[in-house]
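Asks: Would you be able to build a 3D model of this:
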Amino acid sequence: MAVNLRREKVARGFLVCLCLWGVFSLSYAARSGVSKQKFEVKKHLNRLNKPAVKSIQSPDGDVIDCVPITKQPAFDHPFLKDHKIQMKPNYHPEGLFDDNKVSSTSTKSKDKEPHIPQLWHRYGKCPEGTIPMRRTKEDDVLRASSVKRYGKKKHRSVPLPKSAEPDLINQSGHQHAIAYVEGDKYYGAKATINVWEPKIQQQNEFSLSQIWLLGGSFGQDLNSIEAGWQVSPDLYGDNNTRLFTYWTSDAYQATGCYNLLCSGFIQINSDIAMGASISPVSGYRNSQYDISILIWKDPKEGHWWMQFGNGYVLGYWPSFLFSYLTESASMIEWGGEVVNSQADGHHTSTQMGSGRFPEEGFSKASYFRNIQVVDSSNNLKAPKGLGTFTEQSNCYDVQPGNNDDWGHFFYYGGPGKNENCP
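Replies: Next up, the predicted model:
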């Protein structure tokens, strides 16, 4: 009997030890998992946030670092180690590039806009020889699904005008209202985009208005260069409207990123910060604001350049980043995109554009105006055969037009969830 009691005590003691060891192991594993993630995040932040010669606190909470132009993230790319920065394009789509169109602190050009619509400018500017970079915070990276996916779009987020099957819409969760051209070789695109601050329903959703320059198939090898404005709480941690760029050479899988969040885009401009807030924004039946974006391929070097407004050449995507876009784009798209996560089983109420349908018109609905493409002779031309596309016109719609003042234009957008879009 005593032997049995002793055995039971030993067994109980063993089980208690086993349980304690299990709890300790789990807590150690959890702690080591957290510390490993923190280490990965810190390492990534060190890669992204380069040493600055000056830092500017923006009223919206951003910190803008003035980073020496040669220390920007692009030069972490192995193919760019010995790259000589091209400080201006050889050619501009309207002809030979003019020095007056490159922004610098000493240049006062009649082409240059008097106001730069970025909030951080209220508190200072970056010196020549540096570029302004929005500092990435720990929370920014932690909001991403993984450190690796931070600053990247989800797969298959390009509108497919010829493939609007309902199952495709539901799979991708992205919805669009766009105008597009295809069937030719395109060497650039331009538009003036109305700027709003659409409401976002879920943290993991976004709303953007942009230009896409596309090459390749819509499979695994899609090349895309993109620029416009976006509201993305997931990426930036707030609901501000921000200037952005994006690129990919493999359909958003491994290559490319937003803004300067990976090696790729080479910035030369000291005035404009990628990912920084745009201010002011348009109001319903109130003042209207817009931004002009031009992207074109330099016929001499082959790089894809970006200009913001009338006088701010921001920089370029080196041609070697791409496969199909090394030559030209085969499709151009202009318009809006939202993420519809259908969190509660209903369509999202995330707004596109102003959140109003196109038929409401000026000062109510959002617009793209003066839509143009760059042809093989490096001239800006009106787009031929402009088509439109939306997956669900009851949620977001698009309505094109043409007149002397605005050339080719369209109104687009919508409220998302409504009585006709449950």
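Asks: okay, now residue 54: neighbour count?
Replies: Residue neighbour count, defined by other C-beta atoms under 10 Å, stands at 14 for residue 54. C-beta here means a position set from N, CA and C on the backbone, and glycine is covered the same way.
Asks: Quick check: pLDDT value at it.
Replies: With respect to pLDDT, residue 54 scores 97.
Asks: Now do it against residue 124, distance only.
Replies: 8 Å (C-beta to C-beta, to the nearest Å).
Asks: Look up the closest residue to residue 59, ignoring the ones flanking it.
Replies: residue 119 (5.5 Å; C-beta to C-beta, 6 or more residues apart in numbering).
Asks: So which residues of the chain form helices?
Replies: 2-48, 138-142, 166-172, 233-236 (DSSP state H).
Asks: and the ones you listed, which one is worst for confidence?
Replies: Minimum mean pLDDT among the helices of the chain: helix 166-172, a mean of 46.
Asks: got the contact list for residue 118?
Replies: 243, 272-273, 276-279 (C-beta atoms under 8 Å, 6 or more residues apart in numbering).
Asks: now do residue 210
Replies: Residue 210 neighbours (C-beta under 8 Å, 6+ apart): 193, 226-230, 244, 246, 334-335, 337.
Asks: Going by distance to residue 182, which of these wins?
Replies: residue 334 (12.7 Å; C-beta to C-beta).
Asks: surely that closest one meets residue 189?
Replies: Yes: counting by C-beta atoms under 8 Å, residue 334 sits close enough to residue 189 to count as a contact (7.3 Å).
Asks: Was I right to think the residue nearest to residue 59 contacts residue 277?
Replies: Yes: using C-beta under 8 Å as the test, residue 119 is close enough to residue 277 to be in contact (4.5 Å).
Asks: Tell me, how many residues neighbour residue 80?
Replies: 19.
Asks: er, residue 207 actually
Replies: Around residue 207 there are 29 residues (other C-beta under 10 Å).
Asks: now residue 186
Replies: Residues near residue 186, counting by other C-beta under 10 Å: 24.
Asks: Then residue 286?
Replies: Neighbours around residue 286, by other C-beta under 10 Å: 10.
Asks: What about the residue lying closest to it once chain neighbours are set aside, how many residues nearby?
Replies: Leaving out its chain neighbours, the residue that sits closest to residue 286 by C-beta to C-beta, 6+ apart is residue 363, at 6.9 Å. Residue 363 has 16 neighbours, counted by other C-beta under 10 Å.
Asks: I'd say residue 363 and residue 288 touch.
Replies: Yes: Residue 363 lies in contact with residue 288 (C-beta under 8 Å); the separation is 5.8 Å.
Asks: what residues do those two have in common as contacts?
Replies: With C-beta under 8 Å, 6+ apart as the test, residue 363 and residue 288 both reach residue 282.
Asks: For the protein, give me the ranges with low pLDDT.
Replies: 1-34, 95-116, 155-157, 162-172 (pLDDT under 70).
Asks: so who does the closest residue to residue 42 other than its chain neighbours touch?
Replies: In space, and not counting its chain neighbours, residue 42 is closest to residue 138: 7.8 Å by C-beta to C-beta, 6+ apart. Neighbouring residues of residue 138 by C-beta under 8 Å, 6+ apart: 41-42, 45.
Asks: ok, now how distant is residue 138 from residue 380?
Replies: 43 Å.
Asks: Repeat that for residue 222.
Replies: 25 Å.
Asks: Over to residue 127?
Replies: Taking C-beta to C-beta, one finds residue 127 at 33 Å from residue 380.
Asks: Could you check which of these two is surrounded by more residues?
Replies: The residue with more neighbours, out of residue 127 and residue 380, is residue 380; 17 against 12, by other C-beta under 10 Å.
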